[in-house]
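Peer 1: give the three-dimensional model of this entry:
(one chain, ligands or ions: 2)
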Amino acid sequence: MQPQKHILAFDDLPILLRQWLRSKAVIGPLARQDQPGFYYFDWIDPADADVERLAERLASGYVTTTIPPKKAFFPTRETLFNFAAAGPVVPKNEEHQEPFLLIGVHPCDLAALSLLDTAYAHPPADGPWRKRRSPATVVGIDCLPDQYCFCTSMETSGSRDACDLFLTPITSGFLAEIYSEKGKDLLRGIRTEPAQPRDIQEGEEFLHKKEAAITLSLQAGSEEFAEILDTVDLTEVWEQTAQRCYSCGSCNTTCPTCFCFDVEDTLDTNLTSGRRYRSWGSCQLLEFTLLAGGANTRGERRQRVAHRWYRKFLYLYKQFGHSFCTGCGRCSRACTADINIVDVSNDLIKRAKEKR
Ligand code: SF4
Ligand code: SF4
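Peer 2: Residues are numbered from 1 along each chain as shown. Ligands and ions are numbered 1, 2, ... in the order given. Model prediction:
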């Protein structure tokens, strides 16, 4: 869809944020008080919101959050249903979900939401994801890269997927691109001017400047990388990487496209009622593939390390036609062993080319 483009004055963003906070629940990037320079997505308390600081954060291209915004739709832990010895089981995803607003989502994370929309729509469609996604409105915002970003390699630097409204800071204010009726509604009550050709050009220049500032890149495109993983024996790289990896699972926990979860039942003390939870899973943990009786299909660390790459760049590429990596760099930032996904991927690519 070709978006309508308007200019929103910088001074009007705090007004708009107040308006949004009055009408809906809002989740957005907040600054960590205990760790300056780190950000996290959370519900914003309208009574407590420092709207000026939030507007400033959005305008200045805040650093990527540690945990991705998927948690708005896929909480780290949630109850799927309550059960009792007598009475029906009512899935929580059939309960009503109030509309809410997710703001400040960077382009790579918009691409990730779109990938998760695809994965969770695949039969059997995921009820809890759909329940939250349908009534939500998403506001994207452009960003500045750090030394871990490689979104250009994954073609997500300019993504507008899954967003209703997208903001780019330029000289005259925010270039506001409207992608849906919900996005249009968000600007109601605020005076905006139609964007002029020079504003649109400045928006494009912002993207080019961002792309030029990205220092990391994969040495193969998605199709070639998938083909390498599919056809070349790269055991030595898995073994070397596994020697450094602690199997801590931080790479999965921070990944915006990881969608595996664990399911657990708990009984109340009366032993007649309880609930079923699901919580984020991690294929890097030993327990992930532990089977009844003690067998484990990926009991060796190198198998788990290899699986992460096969899953992101081969299996899901084959299934959906896209790598399930957006180049956000979170796994590299969070890795306790300083394993950088780009370095390992380029090592795989280099060795595969040498073997051919
Ligand atoms: S694999 Fe790493 S770089 Fe790719 S989307 Fe996940 S966290 Fe981001
Ligand atoms: S974050 Fe690093 S150390 Fe932890 S499991 Fe992932 S690759 Fe291994």
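Peer 1: who's in contact with the closest residue to ligand 1 within the stretch 51-200 of the chain?
Peer 2: Relative to ligand 1, the nearest point of the stretch 51-200 of the chain is A112 (6.3 Å; Cβ to the nearest ligand atom). C-beta coordinates here come from the backbone N, C-alpha and C atoms, glycine included. Contact analysis of A112 by Cβ atoms under 8 Å, 6 or more residues apart in numbering lists P68, K70, P256, T257, T326, C328.
Peer 1: same thing with G189?
Peer 2: Taking Cβ under 8 Å, 6+ apart, we find G189 in contact with Q19.
Peer 1: what pairs with the helix or strand of the chain with the lowest mean pLDDT, and is each one parallel or antiparallel?
Peer 2: Ranking every helix and strand in the chain by mean pLDDT, DSSP states H and E puts strand 90-91 at the bottom, with a mean of 76. The strands that strand 90-91 pairs with in its sheet are strand 77-84 (antiparallel) (by DSSP bridges).
Peer 1: the strands in the protein, which residues?
Peer 2: For the chain, applying DSSP state E gives strands covering 4-8, 25-31, 39-43, 77-84, 90-91, 100-105, 136-141, 165-170, 173-178, 193-194, 261-267, 273-280.
Peer 1: dump those strands into TSV; add mean neighbour count as well.
Peer 2: Shown next, in TSV, are those (neighbours: other Cβ atoms under 10 Å):
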stretch	mean neighbour count
strand 4-8	19
strand 25-31	21
strand 39-43	16
strand 77-84	15
strand 90-91	12
strand 100-105	24
strand 136-141	24
strand 165-170	23
strand 173-178	24
strand 193-194	10
strand 261-267	12
strand 273-280	16
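Peer 1: those: which one's closest to ligand 2?
Peer 2: Comparing the strands of the chain by Cβ to the nearest ligand atom, strand 273-280 comes nearest, at 13.7 Å.
Peer 1: partner strands of that closest one, parallel or antiparallel?
Peer 2: strand 77-84 (antiparallel), strand 261-267 (antiparallel).
Peer 1: what does the protein have sitting close to ligand 2?
Peer 2: Residues of the chain lying near ligand 2 by Cβ under 6 Å from any ligand atom: 245-251, 284, 334-337, 339.
Peer 1: farthest-separated two in the residues you listed?
Peer 2: S247 and A334 (13.8 Å; Cβ to Cβ).
Peer 1: looking at the two, which has the bigger crowd around it?
Peer 2: When neighbours are counted by other Cβ atoms under 10 Å, S247 and A334 differ, and A334 comes out ahead with 18 against 15.
Peer 1: quick one: contacts of stretch 73-88?
Peer 2: Contacts of stretch 73-88 (Cβ under 8 Å, 6+ apart): 89-93, 113, 116, 128-129, 132-133, 136, 259, 261, 263, 272-280.
Peer 1: alpha carbons only: can I get it in PDB?
Peer 2: The C-alpha trace of stretch 73-88 is given here as PDB (Å, rounded to 0.1, in the frame of the first residue of the first chain):
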ATOM      1  CA  PHE A  73       1.500 -10.200  21.900                       C
ATOM      2  CA  PHE A  74       3.500 -13.200  23.300                       C
ATOM      3  CA  PRO A  75       4.100 -12.600  27.000                       C
ATOM      4  CA  THR A  76       7.100 -14.300  28.600                       C
ATOM      5  CA  ARG A  77       4.600 -16.400  30.600                       C
ATOM      6  CA  GLU A  78       0.800 -16.600  30.300                       C
ATOM      7  CA  THR A  79      -2.100 -18.800  31.400                       C
ATOM      8  CA  LEU A  80      -3.600 -20.600  28.500                       C
ATOM      9  CA  PHE A  81      -6.600 -21.900  30.500                       C
ATOM     10  CA  ASN A  82      -7.800 -22.800  34.000                       C
ATOM     11  CA  PHE A  83      -9.200 -26.300  34.600                       C
ATOM     12  CA  ALA A  84     -11.200 -28.000  37.300                       C
ATOM     13  CA  ALA A  85     -12.400 -31.500  38.000                       C
ATOM     14  CA  ALA A  86     -15.900 -30.300  37.300                       C
ATOM     15  CA  GLY A  87     -16.800 -27.700  34.700                       C
ATOM     16  CA  PRO A  88     -15.700 -26.600  31.200                       C
END
